[in-house]
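Colleague: Let's see this in three dimensions:
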Amino acid sequence: MSSYRTREKREQTEKIKLIAGIAVFSFIIVGAIIFAVSQLLEDKIEYDKQTGCPIGTNGRIAPVAHTVVLIDETDQLTIHQKEFMETYLRNFVRKDLRVGEFLSIYALGDDVQGSRKPIFEMCKMRDGSDADAFTENEKLMARQFKKKFEAPLNRKFEDLMTPRSAANQSPIFEMIQAIAVNSFLKHDVEGDRRLIIYSDMLQHTNKYSLYKTMDYENFRRSKYFGEVSFRLPDTEVYLYVFNTQSSYHQNKLIEFWKQFFKEKGAYLNHVESTGR
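Modeller: So this is what the prediction gives:
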């Protein structure tokens, strides 16, 4: 009798341990699921439908950086210059533009009033190459990238490569002023800021022309200097200069723009010229 009770008690103890073990295991599993779900919800980023940019806690877009590209269409470009520009732009977008970085593209014509708004403005989207195998659909992300970012950008590139007649004016100062206000100041991105310009950099309007003088102090003393006043704080500038002048004049031209950007709070990071 004593042996039966001992065995029964032992069996009851084992059942209690088993139930307790199952309960602890279930608690751990449920806790892990709750934690995983909470992490997914916490890490879920909301994106702006129009620009594809991540949205910050203040409800505004919050890109990781902002790059503005200005393409000068006031001169007729040679085939070499067009190919140079297109190759550099495509490589930049593919290799250097970060996911979540805001890209604004402006085209400069002789009518600056009609050019004050970007012709393309979106954040680079994820293309699915870094998709999480458990929580994300790589193919869907790739389709979204091609449809919403890559295809519209390619259409703009094709349009920019279309031959155009030379313009009577080249209001570069006014265009950079518009970019300072309508892109950098408007969006006020906290990350890095870059301005990339493809142009011969020869400002030419009725009010001021670099064909007449490249003397920076002369420019600073002019009434026109105050008319094109703006700031580009902490902005890296990259110039790709279409070579239409002798090397001597181009050196003076680059020095002029170096002083100009420095006074605006920007930094001329890179200068590269291309021939005809």
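Colleague: So what touches the helix or strand harbouring Arg194?
Modeller: Element membership for Arg194, per DSSP states H and E: strand 192-199. Strand 192-199 is contacted by residues 65-72, 85, 88, 92, 108, 170, 172, 176, 179, 184, 232, 234-242, 266 when judged by C-beta atoms under 8 Å, 6 or more residues apart in numbering. The C-beta positions use only the backbone N, C-alpha and C, and glycine is treated the same way.
Colleague: Please apply the same query to stretch 243-259.
Modeller: Taking C-beta under 8 Å, 6+ apart as the rule, stretch 243-259 contacts 75, 200-202, 210, 214-216, 219, 239, 241, 268, 271, 273-276.
Colleague: Dump the C-alpha coordinates for that stretch into PDB.
Modeller: Only the C-alpha atoms of stretch 243-259 are listed here, as PDB (Å, rounded to 0.1, in the frame of the first residue of the first chain):
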ATOM      1  CA  ASN A 243      34.600  73.700 -71.100                       C
ATOM      2  CA  THR A 244      33.800  76.600 -73.500                       C
ATOM      3  CA  GLN A 245      36.700  78.800 -72.400                       C
ATOM      4  CA  SER A 246      40.500  78.700 -72.600                       C
ATOM      5  CA  SER A 247      42.300  77.100 -69.600                       C
ATOM      6  CA  TYR A 248      43.300  80.600 -68.300                       C
ATOM      7  CA  HIS A 249      39.700  81.900 -68.300                       C
ATOM      8  CA  GLN A 250      38.400  78.700 -66.800                       C
ATOM      9  CA  ASN A 251      40.800  78.900 -63.900                       C
ATOM     10  CA  LYS A 252      39.600  82.500 -63.200                       C
ATOM     11  CA  LEU A 253      36.000  81.200 -63.500                       C
ATOM     12  CA  ILE A 254      36.500  78.400 -61.000                       C
ATOM     13  CA  GLU A 255      38.200  80.800 -58.500                       C
ATOM     14  CA  PHE A 256      35.300  83.200 -58.900                       C
ATOM     15  CA  TRP A 257      32.800  80.400 -58.000                       C
ATOM     16  CA  LYS A 258      35.000  79.100 -55.200                       C
ATOM     17  CA  GLN A 259      34.800  82.600 -53.500                       C
END
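Colleague: can you map out the helices along the stretch 151-276 of the chain?
Modeller: 151-160, 172-179, 186-187, 216-221, 223-227, 247-263 (DSSP state H, counting those that start in this stretch).
Colleague: sorry, back to before: just the buried members of the contacts of stretch 243-259?
Modeller: 75, 200-202, 210, 214, 216, 219, 239, 241, 268, 273-274 (16 or more other C-beta atoms under 10 Å).
Colleague: Could I get the phi/psi values of Ile61?
Modeller: phi -60, psi 150 (degrees, to the nearest 10).
Colleague: For the stretch 1-150 of the chain, give me the ranges with low pLDDT.
Modeller: In the predicted model, the stretch 1-150 of the chain carries pLDDT under 70 at residues 1-44.
Colleague: For it, just list every one of the helices.
Modeller: Counting by DSSP H, counting those that start in this stretch, the helices of the stretch 1-150 of the chain are 2-43, 79-91, 138-145.
Colleague: Test of understanding: give the bridge partners of Ala65.
Modeller: Residues in a beta bridge with Ala65, per DSSP bridges, are Glu101, Asp192.
Colleague: correct me, but it touches Phe102?
Modeller: Yes. The pair Ala65 / Phe102 is scored as a contact, 7.0 Å apart, by C-beta atoms under 8 Å.
Colleague: The two: which is more packed in?
Modeller: Phe102 (26 against 18; other C-beta atoms under 10 Å).
Colleague: circling back to that earlier point, could you work out the most separated pair of the buried ones among the contacts of stretch 243-259?
Modeller: Phe219 and Thr274 (25.4 Å; C-beta to C-beta).
Colleague: Would you mark the buried spots in stretch 150-169?
Modeller: Glu150, Leu153, Lys156, Phe157, Leu160, Ala167, Gln169.
Colleague: which of the residues you listed lies closest to Ile79?
Modeller: Leu160 (14.1 Å).
Colleague: ok, how many other residues are close to the closest residue to Pro171 other than its chain neighbours?
Modeller: Among residues not flanking Pro171 along the chain, Val112 sits closest, at 4.5 Å (C-beta to C-beta, 6 or more residues apart in numbering). For Val112, the number of neighbouring residues by other C-beta under 10 Å comes to 18.
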